[in-house]
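Asker: Let's see this in three dimensions:
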Amino acid sequence: MKLNLIRIHEGDGQHPNSEYIFLQALTAGNLKNLAFHVSSAHSAYFPFPSLPEVEVEKGDYLVLYTGSGKYVRAFINTGEPLHKVFLGKTDCLWTNRGISPQQLCLLPLEGVMASSRSHNQLG
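Answerer: Next up is the predicted model:
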């Protein structure tokens, strides 16, 4: 699955649901077992095995909220599907960390150890 990172929305730094990542699917796939890699001085992987088994089609949009909630399928104002997914974290991940879109890569968990690239087109 390949995803295009549109933006990282930093929240208030205290509430995980105030921050999110906005993405668009470049290819179809399932959200289950994806992981984030942040390329920085202290490279780190963030596995999210709790993501729901959601089939995403090419062109669909995704909002990945840091906090907790239930999966919602909606539509943006132009009619394309929007998947709202929650990572289930209790602390903010992006706010005040200075993470840019160029530093973020989203990979299938089985590909995490084999890849060290970082780019805007995720996957």
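Asker: And the strands in the chain, which stretches?
Answerer: With strands called from DSSP state E, the chain shows them at 3-9, 20-25, 29-30, 34-38, 44-47, 55-56, 61-65, 72-75, 81-86, 104-108, 121-122.
Asker: which neighbours does the third one have in its sheet, and in what orientation?
Answerer: This points to strand 29-30. Next to strand 29-30 in the sheet, as set by DSSP bridges, lie strand 55-56 (antiparallel).
Asker: Show the average pLDDT along the strand it pairs with.
Answerer: Strand 55-56 shows a mean pLDDT of 92 in the predicted model.
Asker: for stretch 27-34, same thing?
Answerer: According to the model, stretch 27-34 has a mean pLDDT of 82.
Asker: One more: stretch 74-86?
Answerer: The average pLDDT within stretch 74-86 is 94.
Asker: Likewise for stretch 7-18?
Answerer: Rounded mean pLDDT across stretch 7-18 is 86.
Asker: hey, C-alpha coordinates of it in CSV?
Answerer: Provided in CSV are the C-alpha atoms of stretch 7-18 (Å, rounded to 0.1, in the frame of the first residue of the first chain):
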residue,chain,number,x,y,z
ARG,A,7,0.1,17.1,6.0
ILE,A,8,0.9,16.6,9.7
HIS,A,9,-1.5,18.7,11.9
GLU,A,10,0.1,19.5,15.2
GLY,A,11,-2.4,19.7,18.0
ASP,A,12,-2.3,21.5,21.4
GLY,A,13,0.4,19.2,22.8
GLN,A,14,-1.9,17.9,25.5
HIS,A,15,-4.7,16.0,23.8
PRO,A,16,-3.7,13.3,21.4
ASN,A,17,-7.0,13.7,19.3
SER,A,18,-6.0,17.3,18.6
